[in-house]
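J.: Sequence and predicted model, in that order:
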Amino acid sequence: MRRWNGWGDDAVEFALNDEALAFLAQRVGAGKPAADAGYEQACAQIQESRLPPHRLIDTSPEVRLRNALGQSLPDWLRLRYGVIGAAPDGVAYPESAQDVRDLLDYAQQFGVALIPQGGGTSVAGHLTAPAGLPSLTVNMTRMRQLLYLDTESQLATFGAGVLGPDLEAQLRARGYTLGHFPQSFEYSTLGGWVAARSSGQQSLRYGRIEQMFRGGSLETPSGTLHLPTFPASAAGPDLREIVLGSEGRLGILTEATVRVTPVPAYEAFHAVFFPDWRSAETAVRQIVQAGLSLSMLRLSNPLETTTMLALAGHKKLIGLLEGYLSLRGCKEGKCMLMIGVSGRKSLARTALREALALTLPQGGVHVGRYMGDKWKQNRFRNVYLRNAAWSHGYAIDTVETAVDWPRVEIMMRSVEAAANAALGAHGEQVHTYTHLSHLYAQGASVYTTFVYRLAGDYESDLARWKSLKKAVSMAIVENGGTISHQHGVGSDHAPYLAAEKGQLGISSLRALFEHVDPQGIMNPGKLLP
Ligand SMILES: Cc1cc2nc3c(=O)[nH]c(=O)nc-3n(C[C@H](O)[C@H](O)[C@H](O)COP(=O)(O)OP(=O)(O)OC[C@H]3O[C@@H](n4cnc5c(N)ncnc54)[C@H](O)[C@@H]3O)c2cc1C
């Protein structure tokens with residue numbers, strides 16, 4: 001069963017071994033486990049529902065608690081410490097576009113705020129119920145069927161609530177794949193990917209969700225917006241672009257048509273180490289600008305490389321690897337690059353060979369497939385470390401942005417420095433490390449992880465998070481980055497959106513939302529400041 005106050009299936013554990021705990025204790029001090037609130041205690045906080053009855057709506061406290069929040073750190077603090085606050089007054093599980101229409105009509109009639117929900121994996125406060133207003137979460141996960149597969153055009157139409165594994169299983173049974181693998185893949189949905197503009201780990205081959213989303217159907221308070229599929233169009237602005245990243249503010253996506261491709265015949269992930277950041281960054285920039293047919297490039301900075309090796313276990317094997325790398329010039333300060341290839345075997349191998357050749361002038365040391373295979377094996381399991389870290393008294397949070405190449409290194413250093421200063425003001429150290437998760441000819445996304453000790457009570461931990469979030473968000477804005485490359489805006493990033501959209505951009509978006517949703521019932525408080 002899915003955990004109500006953490007990540008993933010409660011039957012799956014990913015423990016931190018003794019070496020990893022010693023590593024963390026040395027970096028930020030020994031963690032002190034915080035006392036978690038019980039499930040009954042949390043349920044007891046759910047207030048009486050204010051909703052008039054409706055055939056699709058469940059108002060039980062259990063269901064409302066399980067659909068109240070996402071996966072951001074403030075969401076976790078509320079669940080773990082049992083400070084639930086505003087929760088939706090009910091949860092509906094529509095099974096058709098007509099059900100969704102009925103819910104929109106109901107919400108307009110009774111002045112109820114609607115919160116569209118996919119898998120609930122938002123990490124930016126997209127799903128929080130507005131305080132003071134009756135609200136209804138519309139959980140889309142029952143709309144999960146493959147409705148149509150056009151193999152000639154390589155287009156698949158799904159119910160928008162389909163979860164990642166279900167979507168891939170339905171496609172693979174027919175020889176196709178979407179190839180969209182965010183780290184939250186197991187619990188996120190197609191509709192959520194579109195509404196929050198997500199990016200999967202193999203975006204170099206398959207593209208971001210923007211490139212995959214070809215059309216669909218959005219139920220809005222003012223009617224249905226149909227988005228037909230065209231291979232290309234010059235008929236004015238592309239309306240798909242206003243649905244992508246709309247974060248539930250415009251309406252509810254009921255169907256989405258996506259571009260699919262045949263399942264690749266061959267796939268492999270290889271690891272390469274570099275002596276330092278400068279050489280590694282130069283190599284990945286040259287590789288991505290060479291336009292090779294790769295599926296993934298993922299570059300860890302020195303601290304992330306050290307962390308991944310420390311958490312890997314297999315002390316003896318890692319010792320041997322480090323000895324070998326040291327002889328080849330990759331010592332302290334070394335950086336690990338994962339290269340993924342997918343497709344026809346001969347083409348994939350050629351692309352890999354050419355990429356590896358570009359690493360050589362920068363001192364790249366290719367260590368083969370073993371680490372890449374391990375990475376692939378654990379690509380959705382590593383997320384469970386958040387649960388394990390919490391139980392040992394540590395919080396884990398992440399932030400991500402994207403910038404053009406000349407600002408990549410300065411962005412990485414500024415975000416890390418901002419986090420150190422913010423937690424330093426609370427008398428705490430933070431273990432901060434970064435990787436470039438998605439690479440483009442123009443620049444890269446910069447993805448930073450923070451591990452620090454929990455204070456052990458809700459107010460102090462919220463204060464720590466607020467300081468950290470503000471400091472790193474300001475560092476992003478001041479260094480010319482976007483406030484999100486892939487997690488979206490929600491309520492946590494909304495205060496920083498005007499810095500990149502400008503006042504005219506914000507007021508134009510607001511006017512659009514007001515036009516489509518004159519009563520302002522769609523996911524209020526999200527996206528716009
Ligand atoms: C551990 C972890 C790892 C993650 N890794 C990645 C990653 O690698 N790449 C990445 O891009 N993101 C990642 N995320 C963030 C998150 O998974 C994405 O934002 C994802 O797109 C959210 O999908 P969801 O179905 O869970 O949507 P939800 O969290 O349920 O909703 C997100 C937003 O979309 C809206 N929405 C959802 N469904 C619909 C719909 N049918 N119609 C209209 N609006 C809708 C909601 O109202 C909300 O505003 C990660 C999150 C976690 C917790």
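T.: On my side now, so go ahead.
J.: I'd say residue 88 and residue 63 touch.
T.: No: in this structure, residue 88 is not within contact of residue 63 by Cβ atoms under 8 Å, at 9.3 Å. Glycine gets a C-beta too; all of them are placed from N, C-alpha and C.
J.: the more surrounded of these two?
T.: Neighbour tally, residue 88 and residue 63, criterion other Cβ atoms under 10 Å: the higher count belongs to residue 88, 32 against 19.
J.: Tell me if the more buried one really is in a helix.
T.: No: for residue 88, which was evaluated using DSSP: H, G, I helix; E, B strand; the rest coil, the result is coil, with no helix membership.
J.: and it, what does it touch?
T.: By Cβ atoms under 8 Å, 6 or more residues apart in numbering, the contact set of residue 88 is 64, 67-68, 115, 129, 135-137.
J.: From the ligand, how far out is residue 185?
T.: Distance from residue 185 to the ligand, counting by Cβ to the nearest ligand atom, to the nearest Å: 8 Å.
J.: In a helix, that residue, correct?
T.: No: read with three-state DSSP, residue 185 is coil and lies in no helix.
J.: ok so, going back, which of the contacts of residue 88 lies closest to the ligand?
T.: Distance to the ligand across the contacts of residue 88 (Cβ to the nearest ligand atom) is lowest for residue 115, with 5.9 Å.
J.: Touching, the closest one and residue 137? I think so.
T.: Yes: the pair residue 115 / residue 137 is scored as a contact, 4.7 Å apart, by Cβ under 8 Å.
J.: Can you work out which residues contact both of those two?
T.: Common neighbours of residue 115 and residue 137 (criterion: Cβ under 8 Å, 6+ apart): 88, 127, 129.
J.: Go back to these and keep what's next to the ligand.
T.: residue 127 (Cβ under 6 Å from any ligand atom).
J.: Looking at the shared contacts of residue 115 and residue 137, spot the one nearest residue 11.
T.: Closest approach to residue 11 among the shared contacts of residue 115 and residue 137 (Cβ to Cβ): residue 127, at 24.5 Å.
J.: and the closest one, how many neighbours?
T.: Neighbours of residue 127 under the rule other Cβ under 10 Å: 28.
J.: Not counting sequence-adjacent ones, nearest residue to it?
T.: Distances taken as Cβ to Cβ, 6 or more residues apart in numbering place residue 70 nearest to residue 127, at 4.6 Å, with adjacent residues excluded.
J.: swap in residue 59?
T.: Excluding the flanking residues, the one nearest residue 59 by Cβ to Cβ, 6+ apart is residue 49, at 3.9 Å.
J.: residue contacts, the one you found?
T.: Counting by Cβ under 8 Å, 6+ apart, residue 49 makes contact with 59, 64, 89-90.
J.: at 6 Å instead, please
T.: 59, 89-90 (Cβ atoms under 6 Å, 6 or more residues apart in numbering).
J.: and if you look at residue 420?
T.: residue 430.
J.: Please, where are all the strands along the stretch 251-400 of the chain?
T.: 252-259, 261-262, 266-274, 296-300, 335-343, 365-368, 394-404 (DSSP state E, counting those that start in this stretch).
J.: what comes up buried for the next helix or strand after the longest one?
T.: What that stands for is strand 394-404. The first helix or strand that comes after strand 394-404 along the chain, using DSSP states H and E, is helix 408-424. Within helix 408-424, the residues scored as buried using 16 or more other Cβ atoms under 10 Å are 408-409, 411-416, 418-420, 422-423.
J.: Around the ligand, pick out the residues from the stretch 51-200 of the chain.
T.: So the stretch 51-200 of the chain meets the ligand at 70-71, 115-123, 126-127, 140, 160, 182-184, 188-189, 191-193, 195-196, 198-199 (Cβ under 6 Å from any ligand atom).
J.: all helices for the stretch 401-529 of the chain, in order.
T.: Applying DSSP state H, counting those that start in this stretch to the stretch 401-529 of the chain gives helices spanning 408-424, 458-478, 498-516.
J.: what about the longest one, average pLDDT?
T.: For helix 458-478, the per-residue pLDDT values average out at 98.
J.: follow-up on the earlier one: show only the entries of the contacts of residue 88 found in helices.
T.: Here DSSP state H is the test, and those give residue 64 as lying in helices.
J.: OK, now which residue of the stretch 1-150 of the chain is nearest to the ligand?
T.: Nearest to the ligand, among the residues of the stretch 1-150 of the chain, is residue 118, at 2.4 Å (Cβ to the nearest ligand atom).
J.: Burial check on that residue, number of neighbours?
T.: Neighbours of residue 118 under the rule other Cβ under 10 Å: 27.
J.: Now do the contacts for it.
T.: Taking Cβ under 6 Å, 6+ apart as the contact definition, residue 118 lies against 140, 189, 191-192.
J.: Now for these: which two are most distant?
T.: Greatest spatial distance in these: 140 and 192, 8.3 Å, computed using Cβ to Cβ.
J.: Could you list the low-confidence segments of the protein?
T.: Within the chain, no range satisfies pLDDT under 70.
J.: for the ligand, what are the nearby residues on it?
T.: Counting by Cβ under 6 Å from any ligand atom, the chain comes close to the ligand at 7, 70-71, 115-123, 126-127, 140, 160, 182-184, 188-189, 191-193, 195-196, 198-199, 247-248, 252-253, 383, 486-488, 523, 526.
J.: ok, back up a step: ok, so what distance separates the residue nearest to residue 127 from residue 213?
T.: 21 Å (Cβ to Cβ, to the nearest Å).
J.: Same drill for those two, tell me which one is more crowded.
T.: Higher neighbour count among residue 70 and residue 213: residue 213, with 25 against 21, using other Cβ under 10 Å.
J.: Would you mind measuring from that one to the ligand?
T.: 12 Å.
J.: Could you double-check that that residue sits in contact with residue 194?
T.: Yes: between residue 213 and residue 194 there is a contact under Cβ atoms under 6 Å: 5.2 Å.
J.: who does residue 337 bridge with?
T.: Beta-bridge partners recorded for residue 337 (DSSP bridges): residue 272, residue 299.
J.: That one contacts residue 272, correct?
T.: Yes: here residue 337 lies in contact with residue 272, judged by Cβ under 6 Å, at a distance of 4.6 Å.
J.: More neighbours: those two, which one.
T.: Using other Cβ under 10 Å, the more surrounded residue of residue 337 and residue 272 is residue 272, with 28 against 24.
J.: before we move on, which element is the closest residue to the ligand within the stretch 151-300 of the chain in?
T.: The minimum distance from the stretch 151-300 of the chain to the ligand, using Cβ to the nearest ligand atom, falls at residue 192 (2.1 Å). Assigned by DSSP H and E, residue 192 falls within helix 190-195.
J.: Assess the claim that residue 100 and residue 253 are in contact.
T.: No: using Cβ under 6 Å, residue 100 makes no contact with residue 253, being 9.4 Å away.
J.: When these two are compared, which one has more neighbours?
T.: Ranked by neighbour count (other Cβ under 10 Å), residue 100 and residue 253 place residue 253 first, with 31 against 27.
J.: measure that one to residue 93 for me?
T.: To residue 93, residue 253 is 16 Å away according to Cβ to Cβ.
J.: just residue 129 next, same as before
T.: For residue 129, the distance to residue 93 (Cβ to Cβ) stands at 17 Å.
J.: Among those two, which residue is more densely surrounded?
T.: The residue with more neighbours, out of residue 129 and residue 93, is residue 129; 24 against 18, by other Cβ under 10 Å.
J.: where along the stretch 151-300 of the chain do the helices fall?
T.: For the stretch 151-300 of the chain, applying DSSP H, counting those that start in this stretch gives helices covering 164-172, 190-195, 203-206, 209-212, 240-243, 277-289.
J.: Make CSV out of those and add mean neighbour count.
T.: Shown next, in CSV, are the helices of the stretch 151-300 of the chain (neighbours: other Cβ atoms under 10 Å):
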stretch, mean neighbour count
helix 164-172, 18
helix 190-195, 31
helix 203-206, 23
helix 209-212, 19
helix 240-243, 18
helix 277-289, 21
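J.: Identify the residue nearest residue 328 in space, chain neighbours excluded?
T.: Counting by Cβ to Cβ, 6+ apart, residue 328 lies nearest to residue 365, which is 4.5 Å off, once chain neighbours are set aside.
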